[in-house]
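K.L.:
Here you go, sequence then predicted model.
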Amino acid sequence: MTTENFLRELKTSQIIELETCVRCGACSEVCPVYEQDKSIIAVPALKLQELRKIIGKDVSIMGLISPASKVDLKELRKAAEAAYLCTLCGRCWIGCIIGIRNRELREVLRSMIYRAGYIPKPLKDVDELLLKYKNPYKPSGRLEWIRELDFQIPVNARGANILYFVGCTSAIRDPNIAKSTAYILRSAGENWTIMDNEWCCGSAWIALGNMDAAKNFAERNVKEIESLNVEKVVVSCAECYRMFKWEYPELNVNYNFEVLHISELINKYLNEGRLKIGKRITERITYHDPCSLSRLGGIINEPRNVLRQIIPKEVDFHYLVEMPENKMNTYCCGGGAFLEFIHPELTLKIAEHRLNQANRIGAEILVSSCPICKITFTNATNKFNKNIKIYDIVELVARNISTNP
Ligand code: SF4
Ligand code: SF4
């Protein structure tokens with residue numbers, strides 16, 4: 001491990017961003033972790049200062065790129081706690097008065113910490129699981145959900161129109177999302193398939209700080225998918241979406257298929273009449289934008305268009321209600337980037353804040369479009385005894401598809 005290796009993690013644009021921060025603190029006002037934690041190490045801009053300190057210079061571009069720059073490993077160790085006190089939700093970027101991509105700089109800091117071997121203890125198990133079993137959760141059982149279906153799923157079918165990339169969280173922690181997605185694809189008469197040898201999309205590696213492994217997993221997933229010669233890849237997880245759509249190209253991993261979030265595909269099916277909704281839902285719904293799908297992914301309208309088609313048409317403004325912090329400015333569920341594994345109580349506090357927003361607008365159902373959001377909100381609902389139902393969008397759609405031709 002050399003100093004040069006560490007410095008190579010930073011792009012020139014990021015060095016400029018480090019210099020540009022004026023320490024105004026506006027990012028703190030929008031950070032969900034700081035809002036609920038209030039400790040000094042949760043301040044987003046403070047982590048930038050730490051990064052400057054760690055790379056051994058004040059704020060001079062020439063200083064940063066000088067071969068004499070030294071990474072102080074002691075500082076790196078000290079910074080670990082602060083670097084992982086963050087969900088990588090990206091809200092500090094939106095809140096920054098000059099648009100500093102604080103979140104990406106946090107990824108660089110994590111990458112340095114990972115290389116130095118100082119990741120927080122709870123993440124060491126995740127690291128081992130990812131290395132050995134290619135998912136962050138458990139040694140086996142990725143395909144168990146298939147056996148619980150009463151229909152057959154095409155596996156490794158070549159030349160299909162759609163490959164459903166299930167993702168670790170839908171496959172292992174919340175298989176009802178995988179099953180509902182499969183039911184939707186089947187109901188739409190889609191020519192589709194799944195792979196029996198998926199690896200994590202790589203978002204877990206980025207959260208840990210191992211960028212090399214993220215690239216390696218991305219390359220391997222793309223190679224396997226391309227060998228099946230499919231036209232499109234659809235995902236039901238916001239993290240998978242951000243990875244395939246935005247991070248793979250950033251990692252220089254290119255592919256020859258189109259990438260869609262399931263909400264985009266359902267919207268298309270409904271518009272084309274390939275899916276029909278039977279009974280409409282007459283409870284008040286609010287939609288929670290997952291950070292990785294809206295702010296970091298760019299998908300905002302499609303889930304709302306889908307929800308509008310499953311509530312009564314005439315008074316949709318009554319049945320579909322918005323929380324105050326929504327769309328690009330969405331509030332984090334609190335479960336991202338393994339914060340849940342390191343600080344479970346803090347994750348629950350962030351989720352509770354969001355549930356209170358939903359309660360205040362009279363929502364009876366909170367729906368999201370990411371398994372991590374659903375799991376986090378479900379845990380918080382149970383813990384704080386909240387009177388609200390939590391669903392993923394695919395569950396609501398699958399439940400309300402008309403089976404009449
Ligand atoms: S990425 Fe989100 S949690 Fe992390 S510092 Fe920025 S606003 Fe806070
Ligand atoms: S809002 Fe931007 S400029 Fe202000 S302290 Fe935060 S990162 Fe620095």
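P.N.:
Thanks, I have it. Numbers count the residues shown, from 1 in each chain. Ligands and ions are numbered 1, 2, ... in the order given.

K.L.:
Nearest to the spatial middle of this structure, which residue is it?
P.N.:
Glu239 (3.1 Å; CA atoms, centre = their mean).

K.L.:
mind listing what's buried in stretch 108-119?
P.N.:
Across stretch 108-119, burial judged by 16 or more other CB atoms under 10 Å covers 108-116, 118-119. To be clear about C-beta, it is placed using only N, CA and C from the backbone, and glycine gets the same treatment.

K.L.:
right, is that stretch up against ligand 2?
P.N.:
No: Stretch 108-119 stays clear of ligand 2 (CB under 6 Å from any ligand atom), getting no nearer than 13.6 Å.

K.L.:
Run through who's touching that stretch.
P.N.:
The contact list for stretch 108-119 (CB atoms under 8 Å, 6 or more residues apart in numbering) reads 1, 5-6, 9-10, 14, 47, 50-51, 54, 71, 73, 76-77, 79-80, 83-84, 127, 207-211.

K.L.:
Can you tell me the closest non-neighbouring residue to the residue in the stretch 101-250 of the chain that ligand 1 sits nearest to?
P.N.:
Nearest residue of the stretch 101-250 of the chain to ligand 1: Arg103, at 4.2 Å (CB to the nearest ligand atom). Leaving aside its chain neighbours, Arg103 sits nearest to Gly90 (4.5 Å; criterion: CB to CB, 6 or more residues apart in numbering).

K.L.:
what does Glu219 give?
P.N.:
Per CB to CB, 6+ apart, closest to Glu219 is Val253, 5.4 Å.

K.L.:
mind checking how far that neighbour is from Phe244?
P.N.:
Using CB to CB, to the nearest Å, Val253 is found at 9 Å from Phe244.

K.L.:
Show me the common contact partners of these two, please.
P.N.:
Common neighbours of Val253 and Phe244 (CB under 8 Å, 6+ apart) do not exist.

K.L.:
Of the two, give the one with the bigger neighbour count.
P.N.:
The residue with more neighbours, out of Val253 and Phe244, is Phe244; 28 against 21, by other CB atoms under 10 Å.

K.L.:
need the contact list for the more buried one.
P.N.:
Listed by CB under 8 Å, 6+ apart, the contact partners of Phe244 are 165, 201, 233, 235, 255, 259.

K.L.:
if we can go back for a sec, pretty sure the residue of the stretch 101-250 of the chain closest to ligand 1 contacts Ile94?
P.N.:
No: taking contacts as CB atoms under 8 Å, Arg103 lies outside contact range of Ile94: 9.9 Å.

K.L.:
Compare the two and say which is more crowded by neighbours.
P.N.:
Set side by side, Arg103 and Ile94 show more neighbours around Arg103, with 21 against 15, by other CB under 10 Å.

K.L.:
State the pLDDT value of that one.
P.N.:
On the pLDDT scale, Arg103 is placed at 94.

K.L.:
mind listing what the residue nearest to Arg103 touches?
P.N.:
103, 291, 295-296.

K.L.:
what's the residue of the stretch 151-300 of the chain found nearest ligand 1 sitting at in phi/psi?
P.N.:
For the stretch 151-300 of the chain and ligand 1, the shortest gap (CB to the nearest ligand atom) falls at Cys291, measuring 7.6 Å. Here is the backbone geometry of Cys291 (degrees, to the nearest 10): phi -50, psi -40.

K.L.:
so it touches Lys327, yeah?
P.N.:
No: contact criterion CB under 8 Å: Cys291 and Lys327 do not qualify, at 11.1 Å.

K.L.:
Looking at those two, which one has more neighbours?
P.N.:
Counted by other CB under 10 Å, Cys291 and Lys327 do not tie: Cys291 has more neighbours, with 29 against 13.
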